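S.K.: build me a model from this:
(chains A, B, C and D)
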Protein chains: 2
Amino acid sequence: MNSAADLAIETIQREMTSFARRARALAGRLHPELSLVSYTLLGHLEESGGCRATDLADHYALDKSTVSRQVAVLEREGLVERRQDAADQRVQVLQLTDAGRRMLARVTDRRRAAVEERLSGWTEEDLARFASYLERYNAGLPGDAPTAPGA
Amino acid sequence: MNSAADLAIETIQREMTSFARRARALAGRLHPELSLVSYTLLGHLEESGGCRATDLADHYALDKSTVSRQVAVLEREGLVERRQDAADQRVQVLQLTDAGRRMLARVTDRRRAAVEERLSGWTEEDLARFASYLERYNAGLPGDAPTAPGA
DNA sequence: AACTGTGGTTGTATTATGCAACCACAACGT
DNA sequence: ACGTTGTGGTTGCATAATACAACCACAGTT
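M.R.: So this is what the prediction gives:
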């Protein structure tokens, strides 16, 4: 047993928890017009270039009914649209509308700016390392996929 | 602007968001008996060695009514207890009970184990650096966690 | 004593969520 | 062809977490 590593793990656990706890409130302040969940759903639609509701549910460990309702809201707001899949009449492929893309870009930018402010004063090396650690941490999860690894 | 730094910031934003999104579901799977919020409230009580409901509300950017109800539940479950502050009759100092401490330890351990599993294979150096980055990130919030949400 | 501020609770509404039941269609097996 | 089983999605509940506003009790001032 390695106590230095254990200490680091304990710290990582604590800090990740603390961060997660604040994330929702932060999202509410930063972009009240788009909840954290809606934001990630839109983000996934952009990344994937369109997918099914079931895919979203699987990806985010949400019940399909929850996704169904969230998507209904996003559709009512004109941020996503659905079209019947030609090959399978059960399937509705979801896609961002232009308004959805704009909204996503706007919110992403506001989030990015907030993160950037917190990271002001960090060296480029530290930023790069922190980014890679986070990617590595998230990639190690079963049941979800990392985003845009090509970057 | 520095495009390498910008790229890192973008990645950090994305990965932190992705992590935050999953945190709630993860907590539900890992310890259904204690929500993420309850867990952090208990954790704060342990750290602080007892504090007021208002302190919890400030610290986690929650409405005091929310904290009041959460604490009521925790008290009903025997995990926290309150005692009147001798110096100020308005104040109820909240403290963990032994059962609360045990529950917190149990859940922390399960969370720590989950984190540890994801971090298996990391070098001690990487762990230490990741931990310090997270601490630095969380500590340096100009516009987050602390008090006055209205400001 | 009156006013003002602080700690806390309760009433009410909203939102996110899950589970179960359901519908429509698809894919098989006979 | 027809029933059975599986998949994608919606809807009817129920519940948890949350905020805001109104309120109560006490503290500190004036």
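S.K.: hey, let's count contacts and neighbours off CA atoms from now on
M.R.: Noted.
S.K.: burial count for residue A:8?
M.R.: Residue A:8: 21 surrounding residues under other C-alpha atoms under 10 Å in any protein chain shown.
S.K.: that one contacts residue B:134, doesn't it?
M.R.: No: the criterion here is C-alpha atoms under 8 Å, and residue A:8 misses it with residue B:134 at 10.5 Å.
S.K.: and the contacts of stretch A:127-146?
M.R.: A:58-61, A:119, B:4-5, B:8-9, B:11-12, B:15-16, B:18-19, B:118-119, B:130, B:133 (C-alpha atoms under 8 Å, 6 or more residues apart in numbering or on different chains).
S.K.: so which of those are also by DNA strand C?
M.R.: residue A:61 (C-alpha under 7 Å from any atom of the strand).
S.K.: just the buried members of the contacts of stretch A:127-146?
M.R.: Buried by 16 or more other C-alpha atoms under 10 Å in any protein chain shown: A:60-61, A:119, B:5, B:8-9, B:11-12, B:15-16, B:18-19, B:118-119, B:130, B:133, out of the contacts of stretch A:127-146.
S.K.: which ones among the contacts of stretch A:127-146 are found in helices?
M.R.: The helices in this structure, assigned by DSSP state H, contain A:58-60, B:4-5, B:8-9, B:11-12, B:15-16, B:18-19, B:118, B:130, B:133 from the contacts of stretch A:127-146.
S.K.: so who does the residue most central in space within chain A touch?
M.R.: Chain A has residue A:40 as the residue nearest its centroid, 3.6 Å off, counting by C-alpha atoms, centre = their mean. Shown here is residue A:40, whose contacts under the criterion C-alpha under 8 Å, 6+ apart are B:17-18, B:21.
S.K.: how about residue A:21?
M.R.: Listed by C-alpha under 8 Å, 6+ apart, the contact set of residue A:21 reads B:20, B:36-37, B:40, B:60.
S.K.: is it true that it lies in a helix?
M.R.: Yes: Residue A:21: assigned to a helix according to DSSP: H, G, I helix; E, B strand; the rest coil.
S.K.: how about the secondary structure of residue A:127?
M.R.: Under three-state DSSP, residue A:127 comes out as helix.
S.K.: the least confident helix or strand in chain A by mean pLDDT to helix B:3-30, inter-axis angle?
M.R.: Each helix and strand of chain A was given a mean pLDDT (mean pLDDT, DSSP states H and E); the minimum falls on helix A:3-30 at a mean of 86. Between helix A:3-30 and helix B:3-30, the angle comes out at 100 degrees (axes from the mean of the first three to the mean of the last three C-alpha atoms, to 10 degrees).
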